[in-house]
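Visitor: how would this look folded up:
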Amino acid sequence: MMKRILTLLLLACSLFPLCAQGYVPSESNLAARKEFTQKRLGIFIHWGLYASYAQGEWYLHLGELNKDEYAKAAASFNPVGFDADEWVAAFKDAGAGYLTFTSRHHDGFSMFKTATSTYNVVDGTPFGRDIVGELEKACKEGGIRLHLYYSLLDWIREDYPIGESGKKTGRKGGQENYDSYFRFMETQVKELLTQYPYTGGLWFDGIWDHKRDQIPFDWRMPEFYRFIHALKPDCLIGNNHHITPFEGEDFQMFERDLPGQNTAGYSEGQQVSTVMPVEMCQTMNKSWGYTVKDLNYKSTTDEHRSPGRRPHPLAECRTPERHRRVDAHPRPQCRWDGQNRPPRPGLGRYHGECGKPFPARNCAGSPSEQRQGSPPLHGLGGAQSEDRPGGQHRSRPPLHRQQRRLPHRPHPAGDGGRD
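Guide: Prediction:
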């Protein structure tokens, strides 16, 4: 009997390391990562109800608006100029291989059909069309992959535990229930992955909203990621937390910085992953979403060659191991005019001068970033800023389980800001 028990114990011990390994990407997920590494350049679209105010996607918070007054903009949101096929054609002309679109931002307005609320572009606006649905169809027909940005925080829902932002939007308070909010997110993410099956990745944002909680906030991300991968094993998950990737994530992003650098103040101590694709995100001006006064657009032609001027990060990030993502921000009626246009002619010419989009040659980066076997890097960027509250940038305190305390982000004055 004792011998039998000992045999069972030894068997259990031998199996334990297999269980303790945690997340192991599926074959389809690894294939999706490989496809992602070949895309090289992506376009990031910040567009939602906030475009109506022309003050950026953080206007509900920064303008200290009441959420119910802010929501009245939905009654006149009618982007008659929207043409998903035109967008995709423009992005392909720029050399882009994928598009990341804001399905739901911090203001809680959904740019897709959802059963969770009528506060969405289909049921709550005179436009009445499914923006994400039309983009998915155009991306599939046009041969570029669709990724979806999704905010983990919400400035209007009563069940979201209020963090550092959105404190003056008129919520009653005292009704925080993260279990309820977590189920809401699961429902919406399931809608995104089942209603729009061509979606190849999810780009999460907002963990920083609880970065200074005295008791570290448990976002339950590993549980969330398991839920997502059970629905769609090949879905690539990334999270804009700027620290070591959590278990279950499939790519790493660096915001407004080259991987391994921290010039923007968001990535202190973040090490470049050697096991997953890496992406850098950059704005075309100072902002992520449309801001009427932000006309400080970056050059897409010869800025990287002008004497005495720092190269655009896209020029410095042209290695075969990296991806770049550049942002564009439509106006309320979805009109592209002047410099507020898809990064089409300039960026396309910039690529064409080199023979093909982002040729496999190294133009910048530390030796460690250039080492053989480094993960692919993608590039996305932005056109409108998100300013986040907080004081001076500070070093990262100890971690608590999978939830890590995040470094402080500088509070931008004026136009610049956060994604």
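Visitor: need the helix or strand of the chain with the lowest average pLDDT.
Guide: In the chain, no helix or strand scores lower on mean pLDDT, DSSP states H and E than helix 367-370, which sits at a mean of 29.
Visitor: Show me the shaky parts of the stretch 1-150 of the chain.
Guide: Across the stretch 1-150 of the chain, the ranges flagged by pLDDT under 70 are 1-21.
Visitor: Show me which positions of stretch 122-136 end up buried.
Guide: Neighbour counts using 16 or more other C-beta atoms under 10 Å place 122, 124-125, 127, 130-136 of stretch 122-136 among the buried residues. In short, each C-beta sits where N, CA and C put it, glycine included.
Visitor: can you list these in TSV and add distance to Lys72 and secondary structure?
Guide: Listed next are these as TSV, based on distance: C-beta to C-beta, whole Å; DSSP: H, G, I helix; E, B strand; the rest coil:
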residue	distance to Lys72	secondary structure
Val122	18	coil
Gly124	11	coil
Thr125	11	coil
Phe127	15	coil
Asp130	22	coil
Ile131	20	helix
Val132	23	helix
Gly133	25	helix
Glu134	25	helix
Leu135	26	helix
Glu136	29	helix
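Visitor: now for the residues you listed, which pair is the farthest apart?
Guide: Using C-beta to C-beta, the pair of those lying farthest apart is Gly124 and Glu136, separated by 20.1 Å.
Visitor: Grab the nearest non-local neighbour of Asn240.
Guide: Spatial nearest neighbour of Asn240, chain neighbours left out: Asp205 (4.3 Å); criterion: C-beta to C-beta, 6 or more residues apart in numbering.
Visitor: give me the beta-bridge partners of Asn120?
Guide: Ser110 (DSSP bridges).
Visitor: residues near it, how many?
Guide: Other residues lying near Asn120 total 25 when counted by other C-beta atoms under 10 Å.
Visitor: Now do the helices in the stretch 101-250 of the chain.
Guide: Counting by DSSP state H, counting those that start in this stretch, one finds helices in the stretch 101-250 of the chain at the ranges 131-142, 178-195, 221-231.
Visitor: now those as CSV including distance to Tyr150?
Guide: Listed next are these as CSV, based on distance: least, C-beta to C-beta, whole Å:
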stretch, distance to Tyr150
helix 131-142, 11
helix 178-195, 7
helix 221-231, 10
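Visitor: Tell me which of those sits nearest to Leu30.
Guide: Minimum separation from Leu30 across the helices of the stretch 101-250 of the chain (C-beta to C-beta) falls at helix 221-231, 12.4 Å.
Visitor: Quick check: the gap between the nearest residue in space to Gly128 that is not next to it in sequence and Glu191.
Guide: Sequence neighbours aside, Val122 is the residue nearest to Gly128 in space, at 6.0 Å (criterion: C-beta to C-beta, 6+ apart). In this view, Val122 and Glu191 are 12 Å apart by C-beta to C-beta, to the nearest Å.
Visitor: hey, what's in contact with both of these two?
Guide: Common neighbours of Val122 and Glu191, counting by C-beta atoms under 8 Å, 6 or more residues apart in numbering, are 112-113.
Visitor: isn't there a strand covering Leu99?
Guide: Yes: counting by DSSP: H, G, I helix; E, B strand; the rest coil, Leu99 is part of a strand.
Visitor: The chain should start at 254 in everything you say after this.
Guide: Let's use 254 as the start, then, which means that last one is Leu352.
Visitor: ok, how many other residues are close to the closest residue to it other than its chain neighbours?
Guide: Residue nearest to Leu352 in three dimensions, not counting chain neighbours: Ile296, with 5.1 Å by C-beta to C-beta, 6+ apart. Residues within reach of Ile296, counting by other C-beta under 10 Å, total 29.
Visitor: Return the set of residues that bridge with Ile296.
Guide: In this entry, Ile296 is beta-bridged to Leu352, Val579, by DSSP bridges.
Visitor: pretty sure it is touching Phe344, no?
Guide: Yes: counting by C-beta atoms under 8 Å, Phe344 is a contact partner of Ile296 at 4.7 Å.
Visitor: Going along the chain, name the strands of the protein.
Guide: Using DSSP state E, the strands assigned to the chain run over residues 294-298, 351-357, 398-404, 452-458, 489-492, 505-508, 531-535, 576-581, 630-633.
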